[in-house]
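K.L.:
build me a structure from this.
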Amino acid sequence: MNATETNTDTPITFTTAAAAKVSKMIADEGNPDLKLRVYIQGGGCSGFSYGFKFDDEKDNDAKVVTDGMVLLVDPLSLQYLYDAEVDYVESLQGSQFVVRNPNAATTCGCGSSFSV
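P.N.:
As a prediction, this is how the structure comes out:
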């Protein structure tokens with residue numbers, strides 16, 4: 001898949017709440033070309049942790065579009081995020097992007113790291 005294609009079969013869900021937050025963040029930055037990337041990195045109390053950043057699209061990225069907002073996932077991270085959901089929640093504990101990952105065997109108390 002090249003950078004101009006949209007993969008509609010990507011096995012990850014990018015919720016409308018998350019897309020709305022990304023839209024607001026992009027508007028605040030004043031750069032409509034920004035795209036949110038979710039990725040997996042080593043570390044965290046359970047072995048792997050989730051990361052989010054604004055990034056450019058790479059040729060081999062999976063791309064999920066919700067309400068015009070783009071979520072990018074690299075192939076290595078996608079294997080750990082298969083069937084996961086990226087959401088944005090606001091609660092008494094604060095506001096944050098949340099990954100609901102059915103592949104995680106264990107997670108830490110804060111929900112930002114996991115093991116498979």
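
K.L.:
show me the shaky parts of this protein.
P.N.:
Within the chain, the stretches with pLDDT under 70 are 1-10, 43-46, 105-116.

K.L.:
quick check, central residue of it?
P.N.:
Centroid-nearest residue in the chain, with C-alpha atoms, centre = their mean: Val38, separated by 3.3 Å.

K.L.:
so it is in contact with Leu71, correct?
P.N.:
Yes - counting by C-beta atoms under 8 Å, Val38 does reach Leu71; the two are 6.3 Å apart. For glycine as for every other residue, the C-beta is placed from the backbone atoms N, C-alpha and C.

K.L.:
what residues are shared contacts of those two?
P.N.:
Contact criterion C-beta atoms under 8 Å, 6 or more residues apart in numbering; residues shared by Val38 and Leu71: Ile12, Val86.

K.L.:
all helices of this protein, in order?
P.N.:
Counting by DSSP state H, one finds helices in the chain at the ranges 16-29, 75-81.

K.L.:
in a markdown table: those helices, plus distance to Asn101.
P.N.:
Shown next, in a markdown table, are those (distance: least, C-beta to C-beta, whole Å):
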| stretch | distance to Asn101 |
| --- | --- |
| helix 16-29 | 14 |
| helix 75-81 | 6 |
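
K.L.:
identify whichever of those helices lies nearest to Gly94.
P.N.:
Smallest distance to Gly94 across the helices of the chain (C-beta to C-beta): 13.0 Å, for helix 16-29.
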